[in-house]
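Colleague: Here's my sequence, what's the structure:
(4 chains)
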2 protein chains.
Amino acid sequence: MSTPRKRGPKRTLSEERVTETALALVDREGGAALSVRRVALELGVRPNALYTYVPDRAGLERALVEWVMLQADLAHLDGPARAWRSRIRDYALALRTALLDHPAVAPLLMTAPMDGPAALAVGERLIAAFEDAGLTGKAPARACWVLIVYVVGAVALDVAETDGTLPLASEDDRVAQRRERFAFVPAEDWPRTAASTGTMAEWVTERQFAWGLDRVLAGLAG
Amino acid sequence: MSTPRKRGPKRTLSEERVTETALALVDREGGAALSVRRVALELGVRPNALYTYVPDRAGLERALVEWVMLQADLAHLDGPARAWRSRIRDYALALRTALLDHPAVAPLLMTAPMDGPAALAVGERLIAAFEDAGLTGKAPARACWVLIVYVVGAVALDVAETDGTLPLASEDDRVAQRRERFAFVPAEDWPRTAASTGTMAEWVTERQFAWGLDRVLAGLAG
DNA sequence: ACCTGAACACCGTTCAAGT
DNA sequence: ACCTGAACACCGTTCAAGT
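Modeller: Coordinates of the predicted model:
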């Protein structure tokens, strides 16, 4: 099938190629398909060849996180001080979209420390936006943390609901899936849960995300 | 070492034994140590014997999540309507504590759908508490979701910072670890981040968690 | 420096066979 | 019904050896 590769220095790969191949793989087949060996196979190379470009599996995952975080345009956080709310709101929505575009990467955000350059850049700009909102002292950095927790946590819970099916189903389909799952909650035991089935089915929607985002922002910088 | 076990129906195990053995294992050696084979070894049984008590690895993980969620006493959510804020606050703090007591389980919460009986019970009581806070219509269920996102997301990010070291280090030690990591952020590139090093080191503390919790609650039911 | 070949110590899961 | 034995198709990672 493939002509057996000779040895020697080829430099056929690069960290970018490895990362993008891994991303395409998980986008196509889901997070469970991610493995050093699988990415190597995709690149037509032996498994251990990847260790020239990536320290280990964890490093590969970190690269994926960095790549996806960079897709959310930080320019959303620019603008006049008085527009701080819409600046943060727009960026949060953009970050959510970027993560949902690559759902297999979302869980990786919650599994490794967020200390890459991309995360630092987000933190820096977000703190500035909260300063524009009038927060002082420790409050801007603390508010930044709360916002990240909300965005990343919301996406991770969303993806967890409907993993295995990749690429992620449409919002409507995911709502339908959740509705079906909650249809069997017995109303005697969990009356409020049963009554809220429709609302809980919407937990995966942008509308619900935006609702929560607005409340969180109101609490942080009313 | 161990006398080779005969075949035949023994019923030496139970789902509880399997779950508790797995929990003890991850508490002792961290989440990376969790495997069907490892738990079987711990129980003195062949790997495939576990499939009598647990459907698969995912089922084992779900059992761990259920077990840990049940450790947070739902009675915190009881009380007079006017005390809704402290009821929710106390429960959120208890859930955080339960999760941090078994840090390896926290990531599993964000990886699988939260639709077990324990999660349903939490949702039901939490919705009731938000109704006591004066929310009506879809708002109680939506607020419930936001609160769960905050608590679970905050703990998952906390654990992600300092995984590998298990049992989880003390709060003071984790703060020191974070401070050390951020000490090298160059102030020219990230002035606000560098200036906030102290505050960001506190992201793993109960104080920071409670600060955010109070803001989130204020936004949800000010 | 970069890649291969081979190996090590693991995985989850299935299935026939014994009791 | 419950467990073993054996097997299958995978993992991440290391290391000596070739170019």
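Colleague: closest point of chain A to chain B, which residue?
Modeller: Residue nearest to chain B within chain A (CB to the nearest CB): A:Gly153, separated by 2.3 Å. For the C-beta atoms, the positions are set from N, CA and C on the backbone; glycine is no exception.
Colleague: Is that residue in contact with B:Asp158, as I believe?
Modeller: No. Assessed by CB atoms under 8 Å, A:Gly153 is found out of contact with B:Asp158, at 11.7 Å.
Colleague: Name the residues contacting each of these two.
Modeller: Shared contacts of A:Gly153 and B:Asp158 (CB atoms under 8 Å, 6 or more residues apart in numbering or on different chains): none.
Colleague: circling back: who touches the residue nearest to the residue of chain A closest to chain B when sequence neighbours are not counted in this structure?
Modeller: Using CB to CB, 6 or more residues apart in numbering or on different chains and skipping residues adjacent in sequence, the residue nearest A:Gly153 is B:Gly153, 2.3 Å away. Contacts for B:Gly153 (CB under 8 Å, 6+ apart) come out as A:110, A:149-150, A:152-154, A:156-157, B:110.
Colleague: Swap in 7 Å and give it another go.
Modeller: A:149-150, A:152-153 (CB atoms under 7 Å, 6 or more residues apart in numbering or on different chains).
Colleague: mind showing which ranges of chain A have poor pLDDT?
Modeller: A:1-9, A:163-165 (pLDDT under 70).
Colleague: Mind checking which of the contacts of B:Gly153 land in strands?
Modeller: Taking DSSP state E, every one of those sits outside strands.
Colleague: In helices, which of these fall?
Modeller: A:149-150, A:152-153 (DSSP state H).
Colleague: Quick check: the farthest pair among the residues you listed?
Modeller: Maximum pairwise distance in these, criterion CB to CB, is 7.7 Å, between A:Tyr150 and A:Val152.
Colleague: more neighbours, these two?
Modeller: More neighbours surround A:Tyr150 than the other of A:Tyr150 and A:Val152, with 26 against 22 (other CB atoms under 10 Å in any protein chain shown).
Colleague: The more buried one contacts B:Ile148, correct?
Modeller: No. The criterion here is CB atoms under 7 Å, and A:Tyr150 misses it with B:Ile148 at 11.2 Å.
Colleague: Now that we have the ones in helices among the contacts of B:Gly153, can you turn them into TSV and tack on distance to B:Pro47?
Modeller: Listed next are the ones in helices among the contacts of B:Gly153 as TSV, based on distance: CB to CB, whole Å:
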residue	distance to B:Pro47
A:Val149	37
A:Tyr150	40
A:Val152	35
A:Gly153	34
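Colleague: DNA strand D: which of the residues you listed is nearest?
Modeller: Checking the ones in helices among the contacts of B:Gly153 against DNA strand D by CB to the nearest atom of the strand gives A:Val152 as the nearest, at 23.2 Å.
Colleague: How much space separates A:Asn137 from B:Thr199?
Modeller: Actually, residue A:137 is Gly rather than Asn. 9 Å (CB to CB, to the nearest Å).
Colleague: cool, A:Tyr51 as well?
Modeller: 38 Å.
Colleague: if you count what's nearby, which of those two comes out ahead?
Modeller: The residue with more neighbours, out of A:Tyr51 and B:Thr199, is B:Thr199; 20 against 12, by other CB under 10 Å.
Colleague: which SSE is that one in?
Modeller: Using DSSP states H and E, the element containing B:Thr199 is helix B:197-201.
Colleague: Pull up the gap between A:Ser221 and A:Glu206, please.
Modeller: Quick fix: residue A:221 is Ala, not Ser. 22 Å.
Colleague: Neighbour count: these two, which is higher?
Modeller: A:Ala221 (20 against 14).
Colleague: Over to the closest residue to that one other than its chain neighbours: give its phi and psi.
Modeller: Leaving aside its sequence neighbours, A:Ala221 sits nearest to A:Ala133 (CB to CB, 6+ apart; 4.0 Å). Dihedral pair for A:Ala133: phi -80, psi 0, per degrees, to the nearest 10.
Colleague: in chain A, which spans are helices?
Modeller: A:15-29, A:36-43, A:57-69, A:84-101, A:106-109, A:117-132, A:139-161, A:171-182, A:191-195, A:197-201, A:206-221.
Colleague: Take those and lay them out in JSON lines including distance to DNA strand C.
Modeller: Formatted as JSON lines, the helices of chain A follow (distance: least, CB to the nearest atom of the strand, whole Å):
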{"stretch": "helix A:15-29", "distance to DNA strand C": "10"}
{"stretch": "helix A:36-43", "distance to DNA strand C": "7"}
{"stretch": "helix A:57-69", "distance to DNA strand C": "13"}
{"stretch": "helix A:84-101", "distance to DNA strand C": "26"}
{"stretch": "helix A:106-109", "distance to DNA strand C": "17"}
{"stretch": "helix A:117-132", "distance to DNA strand C": "22"}
{"stretch": "helix A:139-161", "distance to DNA strand C": "17"}
{"stretch": "helix A:171-182", "distance to DNA strand C": "21"}
{"stretch": "helix A:191-195", "distance to DNA strand C": "29"}
{"stretch": "helix A:197-201", "distance to DNA strand C": "28"}
{"stretch": "helix A:206-221", "distance to DNA strand C": "31"}
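Colleague: List the contacts of A:Met116.
Modeller: Slight slip there: residue A:116 is Gly, not Met. A:62, A:65-66.
Colleague: Among these, name the buried ones.
Modeller: Those of these that meet the buried threshold are A:62, A:65-66, by 16 or more other CB atoms under 10 Å in any protein chain shown.
Colleague: Dump those residues to CSV, plus distance to chain B.
Modeller: Shown next, in CSV, are the buried ones among the contacts of A:Gly116 (distance: CB to the nearest CB, whole Å):
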residue, distance to chain B
A:Arg62, 12
A:Val65, 11
A:Glu66, 15
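Colleague: so how many other residues sit close to the residue nearest to A:Phe209 when sequence neighbours are not counted?
Modeller: Once flanking residues are discounted, A:Phe209 sits nearest to A:Ala154: 5.6 Å by CB to CB, 6+ apart. A count of neighbours around A:Ala154, defined by other CB under 10 Å, yields 27.
Colleague: Run through the residues that contact A:Ala154.
Modeller: A:209, A:212, B:149.
Colleague: switch to 10 Å and redo it
Modeller: Neighbour list for A:Ala154: A:92, A:96, A:99, A:106, A:203-204, A:208-209, A:212-213, A:216, B:145-146, B:148-150, B:153 [criterion: CB atoms under 10 Å, 6 or more residues apart in numbering or on different chains].
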